[in-house]
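> need coordinates for the following:
(chains A and B)
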Amino acid sequence: MTPAELTAATTGRDLRVPFGVALVALACAAPLFLGNYPLHAMIIALIFLLPAHGLNLLLGYTGLLSLAQAAFFGIGAYTSALLAVHFGTPFYVNFLAAGLMAGAIALPLGIPALRLRATSFVMCTLGFVIIGQAIAKNWITLTRGDMGLAAIPKPWFALGPASFTVSGTVGFYYLVLAIAAIATLVAYLIVRSPAGRNMIAIRENETLAESVGIPTWHYKLVVFMISAAFAGLGGSLYAHYLTVVSPLTFQMYYSTTMLIIVLGGGAGTISGVIFGSLLFVGLTEALRVAPELRMIAYGFFLLGLVFWFPSGFAPLIGRFWSFLERRK
Amino acid sequence: MFYTITEQVVNGIVSGSVYAIVAVGMTMIFGVLRAINFAHGEYYMLGTFGAWFAIDYFDLPYPVALVIGVIATAVIAVVVGNFVMQRIVGAPAEAGVLATLGVALILQNTVILLFGGSYKFFSGGYIEPVSVFGFTLAEQRILIIIVGLVTFVGLELMVTYSRMGKAMRAVSQNIECCAVVGIDVRHIALWTFIIGACLAALSGVLTAPVNVSVYGGMGELITFKTLPIIIMGGLGNVRGTFVAAMILGIAESLVATYVGLQFRDTVGFATLMLVLMWRPHGLFSAQARF
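Sure thing, here's the model as predicted:
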């Protein structure tokens, strides 16, 4: 039991449940009071939440720093876009195919990469992004190169004879909100399962974990694939939301963004990642001036994170939390 | 046919020398600080911009511009070294990656903010072609090869014989023991970083007349090219880095000629992955040091 649960059990007061309910209610009601632009920002935050959950499983729980999220994000986006443009398949088919494709490609990439030690592993995962971008640029018969794929249809669903299309910002917001909620639940279940505890054991001490019989190699490979699948699903949503994909989807920028979300929120916690993606949107919104100024601010943000908040901003909330509970 | 291959190899040696001068600084920084410097290419960019600024705004001759570019970069490196790099010593690997990514974003975008994001024309340098052993080469390319060799020999001598070089090697082997025997680790870290940044700047100014265009995002490309080199060379290994840089330079120029120009920038990481599958610790290291 976590300290908060313990408090709840002994005193009957757990603030987390009412707070969680309030947050969900607020998220559901957001279109009522948010304008079009803030709602767009929320959609981006929720889309980025998926690859961030994936990275959190890998970095926060298993202790592997990977820069490959952008590569799998791009693979998911292209898979979804190609299916939608060439075969006109419904959204849920594209979406699941994107996740499966990213997860499947992660297997042959993960086998050599995971054999490497820390620094070489980071470089190898960065290489996936660079090579992914080169393939997207040069496999012109499939990806149309730098022109990218345009006119990706808005998500549409077919249930028997009936079909409907999710169009408009509000509709898309609810679609993404539902998917992000499910993804959060899945991540939570993984982390809370015995497998999640084994992942933490690998993060804390790989040799020791191996010695008590945890198949560390298989764990790392499977978590790498799950994390890639999460990124692929996020890429699919991104492609259907923007209706365009280009080789720029394979960009270091997205890997950096995911790192900022996970480490800014607090790696190794689910609530931290949610907080991180909201924080990231807040930061982007606060810095809507010049793109260069925004990048400079990201830079200072990263430095501040490293030197003053090495475990992210989520512990601050935790402290605020126990402060509230003590006062009651 | 034979002539083309040889010509491409010579071109490859020129770009290999450019990469070597940048990468050797980066690998030394890794050896001492244990941090991959994602901002390393930005010092290449800063040097180039410094020289371009001196030529374009003040009409100074190229050699003076070269000195100004390197000195300007050194000043910035002192600031970054004091406020960021010194604090990375002994921190976990993520800290180094994130902090240097942050520095890269700050430096790159500050330059774009000050000078605009457009391509600028670099007008200095010695671009007259001369004939050497039957090859026609721009004088600047010969200068690059010579400077590359001088840097290599100079660094080897410094690392082997000078007090500073010996201290650097000691720090890269064991930080705690250095502190115990009275080596000022933070001081060594700062100086290694400044030397590395200046070498990157030097390489940038030397290449500018060949590449002609100068722009704010140029550093990122160089970072991505030197990263595979330092891993292949074995992190912290100066000689290995030189060999890896030459291999990559030659491979790039052959791929650009015979496979396609668009694949040139992918050669580094593709080679890196093949090498790592075969030798996970780099080409020249017998076992993992890091």
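> buried residues, the host helix or strand of residue A:324. List them.
Using DSSP states H and E, residue A:324 falls within helix A:314-327. The neighbour-count check on helix A:314-327 (16 or more other C-beta atoms under 10 Å in any protein chain shown) flags A:314, A:318, A:321, A:325 as buried. From N, CA and C alone the C-beta is placed, and that goes for glycine too.
> now pLDDT and distance to chain B too, for those, in TSV please.
As requested, those are exported to TSV (pLDDT from 0 to 100; distance: C-beta to the nearest C-beta, whole Å):
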residue	pLDDT	distance to chain B
A:314	71	16
A:318	71	21
A:321	72	25
A:325	70	31
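> returning to that earlier point: for the helix holding residue A:324, name the packing helices and strands.
Other elements packing on helix A:314-327 under the criterion 3 or more C-beta pairs under 8 Å, 6 or more residues apart in numbering or on different chains; DSSP states H and E are helix A:3-11, helix A:270-286.
> which SSE is residue 208 in?
In the absence of a named chain, this looks at chain A. helix A:206-211.
> you looked at the wrong chain, it should be chain B
helix B:185-211.
> hmm, who's touching the following helix or strand past that helix?
Heading C-terminal from helix B:185-211, the first helix or strand you meet, by DSSP H and E, is strand B:213-214. Outside of strand B:213-214, the residues within contact range by C-beta atoms under 8 Å, 6 or more residues apart in numbering or on different chains are B:48, B:49, B:52, B:119, B:120, B:121, B:122, B:208.
> if we use 6 Å, what do you get?
Residues from elsewhere that reach strand B:213-214 (C-beta atoms under 6 Å, 6 or more residues apart in numbering or on different chains): B:48, B:52, B:119, B:120, B:122.
> so which of those residues is the closest to residue B:162?
Nearest to residue B:162 out of these is residue B:48 (C-beta to C-beta; 28.7 Å).
> where are the low-confidence patches of chain A?
By pLDDT under 70, the low-scoring segments of chain A are A:1-16, A:160-162, A:288-289, A:327-328.
> ok, residue B:85 to residue A:259 distance?
Separation of residue B:85 from residue A:259 (C-beta to C-beta, to the nearest Å) stands at 19 Å.
> could you do residue A:49 as well?
The value you get for residue A:49 to residue A:259, if C-beta to C-beta is used, is 14 Å.
> between these two, which one's more packed in?
It is residue A:49, of residue A:49 and residue A:259, that has more neighbours when counted by other C-beta atoms under 10 Å in any protein chain shown, with 29 against 25.
> residues near the closest residue to residue A:206 other than its chain neighbours, how many?
Once flanking residues are discounted, residue A:206 sits nearest to residue A:216: 5.6 Å by C-beta to C-beta, 6 or more residues apart in numbering or on different chains. Residue A:216 is flanked by 20 other residues according to other C-beta under 10 Å.
> please report phi then psi for residue A:216.
With angles defined as degrees, to the nearest 10, residue A:216 sits at phi -60, psi -40.
> quick one: list the elements packing against the helix or strand hosting residue A:239.
Here residue A:239 sits within helix A:216-242, counting by DSSP H and E. Judged by 3 or more C-beta pairs under 6 Å, 6 or more residues apart in numbering or on different chains; DSSP states H and E, the packing partners of helix A:216-242 are helix A:36-55, helix A:69-87, helix A:91-113, helix A:206-211.
> where do the strands of chain B begin and end?
Taking DSSP state E, the strands of chain B run over residues B:120-121, B:129-132, B:135-138, B:213-214.
> need the winner for burial among these.
Mean neighbour count (mean count of other C-beta atoms under 10 Å in any protein chain shown) peaks for strand B:213-214 among the strands of chain B, with a mean of 16.
> other SSEs contacting whatever helix or strand residue A:306 lives in?
Residue A:306 belongs to helix A:291-308 when assigned by DSSP H and E. Helix A:291-308 sits against helix B:93-115, with contacts defined as 3+ C-beta pairs under 6 Å, 6+ apart.
> now the helix it packs on: mean pLDDT?
Computed over helix B:93-115, the mean pLDDT rounds to 88.
> how about residues contacting that helix?
A:65, A:118, A:292, A:295-296, A:298-299, A:302-303, A:306, B:35, B:37-39, B:42, B:49, B:80, B:84, B:88, B:216.
> related to what we said a few turns ago, so how far is the helix holding residue A:324 from its chain's centroid?
26 Å (C-alpha atoms, centre = their mean, to the nearest Å).
> and what of stretch B:18-33?
That offset, for stretch B:18-33, works out to 6 Å (C-alpha atoms, centre = their mean).
> go on, stretch B:253-273?
Taking mean C-alpha positions (C-alpha atoms, centre = their mean), stretch B:253-273 and its chain are 19 Å apart.
> which bits of the stretch 1-150 of chain A sit near chain B?
Applying C-beta under 6 Å from any C-beta of the partner chain, we find that the stretch 1-150 of chain A lies next to chain B at A:65, A:112, A:115-120, A:123, A:127, A:130-131, A:134, A:138.
> how about the residues of the stretch 51-200 of chain B that lie near chain A?
Proximity of the stretch 51-200 of chain B to chain A (C-beta under 6 Å from any C-beta) is limited to residues B:93, B:94, B:95, B:98, B:99, B:102, B:105, B:106, B:109, B:112, B:113.
> so how far is residue B:80 from the residue in the stretch 151-300 of chain A positioned nearest to chain B?
Nearest residue of the stretch 151-300 of chain A to chain B: residue A:299, at 3.5 Å (C-beta to the nearest C-beta). Between residue A:299 and residue B:80 the computed distance is 11 Å (C-beta to C-beta).
> contacts for stretch A:175-194, please.
Residues outside stretch A:175-194 that contact it (C-beta under 6 Å, 6+ apart) are A:27, A:43, A:46, A:49, A:50, A:53, A:166, A:196, A:270.
> contact partners for residue B:198?
B:70, B:74.
> what about the closest residue to residue B:235 other than its chain neighbours, how many neighbours?
Spatial nearest neighbour of residue B:235, excluding adjacent residues (C-beta to C-beta, 6+ apart): residue B:30 at 5.0 Å. If you count neighbours by other C-beta under 10 Å, residue B:30 ends up with 25.
> please apply the same query to the one 10 residues further on.
Residue B:40 is flanked by 29 other residues according to other C-beta under 10 Å.
> surely it and residue B:24 touch.
No. With contact defined as C-beta atoms under 6 Å, residue B:40 does not count as touching residue B:24 (10.8 Å).
> related to what we said a few turns ago, take the helices and strands packed on helix A:216-242 and lay them out in a markdown table including distance to residue A:253.
Shown next, in a markdown table, are these (distance: least, C-beta to C-beta, whole Å):
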| stretch | distance to residue A:253 |
| --- | --- |
| helix A:36-55 | 12 |
| helix A:69-87 | 7 |
| helix A:91-113 | 18 |
| helix A:206-211 | 31 |
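> mind checking which of those is nearest residue B:235?
For those, the distance to residue B:235 is smallest for helix A:91-113, at 16.9 Å, taking C-beta to C-beta.
> starting at the chain centroid, how far to the closest one?
Averaging C-alpha coordinates over helix A:91-113 and over its chain gives two centres that are 15 Å apart (C-alpha atoms, centre = their mean).
> just list what it packs against, helices and strands only.
Helix A:91-113 sits against helix A:69-87, helix A:216-242, with contacts defined as 3+ C-beta pairs under 6 Å, 6+ apart.
> rewinding a little: return the set of buried residues in the helix holding residue A:208.
Across helix A:206-211, burial judged by 16+ other C-beta under 10 Å covers A:206, A:209.
> do stretch B:134-147 as well
Buried residues in stretch B:134-147, counted by 16+ other C-beta under 10 Å: B:137, B:138, B:140, B:141, B:143, B:144, B:145, B:147.
> with adjacent residues omitted, what lies nearest to residue A:256?
Counting by C-beta to C-beta, 6+ apart, residue B:101 is the residue found nearest to residue A:256 once chain neighbours are left out, at 6.1 Å.
> perfect, that will be all.
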